[in-house]
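> Sequence unavailable; structure follows:
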């Protein structure tokens, strides 16, 4: 298995907002408020910014490669956005894994496209549509109906937006912990409070939920049998238990609690 499951967390691109809306002299908080207000005017209700107005502050991953499984956030708490995004694409260049996400096609990857463009990030393998590798002509990271990038939300909904479901609810229905400690709507406040660690920890638990849903998907597809599926779940437990980090321990406790209640 060579699988790279990922999730991103974002905040308003306040520097971009300053340039677009001529907001020099305003604080980051004030610029963000203007951006949210303009978005409410566009939508009538939602403050959720358009893709090109986000800035990436965390990318977390589960990487299942050979006989190992790793869960971590790319870079460190002081890493620049460019470094984090470059690390993401460097991993694809090096390993060419199956890329797995929840709504990655609808949100995470388009945001990464724009931010890679802004930051001058190189990503040759990701953008290969068959020019360098013939195998990528029909099955590349852009092919919606192939599995080199598996957007679980999109696939499970049968590519019908009306059938989309939230990760938190699907994970909970399957007996996994679901959202823990934060939500995407609180990331900006956490960032303003300087809690980068909290954002990264939250992103790591989110990507664990995504990976566990992926394992169940692979069981449903017949790519794992029941014994293999249980072994993969146990590998997740063992791997994060070894880290002995508070958010992983809380994830394990929540997972065990759901098992005990079923």
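Great, that's in hand. All figures in this text were calculated on a predicted structure; none of them were measured in a lab. Residues are numbered from 1 along each chain as shown.

> residue contacts, residue 85?
Neighbour list for residue 85: 56, 59, 112, 115-116, 119, 121 [criterion: CB atoms under 8 Å, 6 or more residues apart in numbering]. C-beta here means a position set from N, CA and C on the backbone, and glycine is covered the same way.

> Now do the same for it: helix, strand or coil?
Secondary structure, DSSP: H, G, I helix; E, B strand; the rest coil: residue 85 is helix.

> Quick check: nearest residue in space to it, chain neighbours excluded?
residue 121 (5.0 Å; CB to CB, 6 or more residues apart in numbering).

> do you know how far that neighbour is from residue 70?
Here residue 121 is placed at a distance of 22 Å from residue 70 (CB to CB, to the nearest Å).

> And for residue 27?
From residue 27 across to residue 70, the span is 38 Å (CB to CB).

> which of these two has more neighbours?
Each of residue 27 and residue 70 has its neighbours counted (other CB atoms under 10 Å); residue 70 has more, 13 against 10.

> which SSE is residue 9 in?
Take DSSP states H and E as the rule and residue 9 turns out to sit in strand 2-12.

> what packs against whatever helix or strand comes next after that strand?
Following strand 2-12 in sequence order, the next helix or strand is helix 14-21 (DSSP H and E). In terms of contacts (3 or more CB pairs under 8 Å, 6 or more residues apart in numbering; DSSP states H and E), helix 14-21 is packed against helix 28-43, strand 54-65.

> got a list of contacts for helix 14-21?
By CB under 8 Å, 6+ apart, helix 14-21 touches 23-24, 26, 28, 31-32, 34-35, 38, 52-53, 55, 118.

> list the buried ones in that helix?
For helix 14-21, a neighbour-count test (16 or more other CB atoms under 10 Å) marks 14, 16-18 as buried.

> Over to stretch 253-262?
For stretch 253-262, a neighbour-count test (16+ other CB under 10 Å) marks residue 255 as buried.

> what pLDDT, on average, does it get?
Mean pLDDT, stretch 253-262: 82.

> what does that stretch rub up against?
The contact list for stretch 253-262, computed with CB under 8 Å, 6+ apart, reads 175-177, 180, 237.

> any chance of the buried residues of helix 14-21 in CSV, plus pLDDT?
As requested, the buried residues of helix 14-21 are exported to CSV (pLDDT from 0 to 100):
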residue, pLDDT
14, 97
16, 97
17, 97
18, 97
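
> Now render these as CSV, adding distance to residue 142.
Below are those laid out as CSV (distance: CB to CB, whole Å):
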residue, distance to residue 142
14, 30
16, 25
17, 29
18, 32
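
> in the stretch 101-250 of the chain, which spans are helices?
Along the stretch 101-250 of the chain, counting by DSSP state H, counting those that start in this stretch, helices occupy 109-119, 152-156, 167-173, 187-192, 196-221, 226-243, 246-260.

> per-stretch mean pLDDT over those helices, give me the minimum one.
Of all the helices of the stretch 101-250 of the chain, helix 246-260 has the smallest average pLDDT, which comes to a mean of 90.

> got the angle between it and helix 196-221?
Angle of helix 246-260 versus helix 196-221, following axes from the mean of the first three to the mean of the last three CA atoms, to 10 degrees, is 40 degrees.

> what's the spacing between stretch 188-206 and its chain's center?
13 Å (CA atoms, centre = their mean, to the nearest Å).

> contact partners of it?
7-9, 11-12, 28-29, 32, 57-60, 71-73, 77, 167, 177, 179-182, 187, 245-248, 251.

> and if we set it to 6 Å?
7, 9, 11, 58, 60, 71, 73, 77, 180-182, 187, 247, 251 (CB atoms under 6 Å, 6 or more residues apart in numbering).

> Over to stretch 114-130?
The contact list for stretch 114-130, computed with CB under 6 Å, 6+ apart, reads 52, 56, 82, 85-86, 89, 92-93, 136-137, 140-141.

> quick one: which of the residues you listed is nearest to residue 105?
Taking CB to CB as the measure, residue 105 lies nearest residue 141 of these, at 9.8 Å.

> Just the buried subset of the contacts of stretch 253-262, written out for PyMOL, thanks.
The buried residues among these can be selected in PyMOL (16+ other CB under 10 Å) with this line:
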select buried, resi 176+177+180
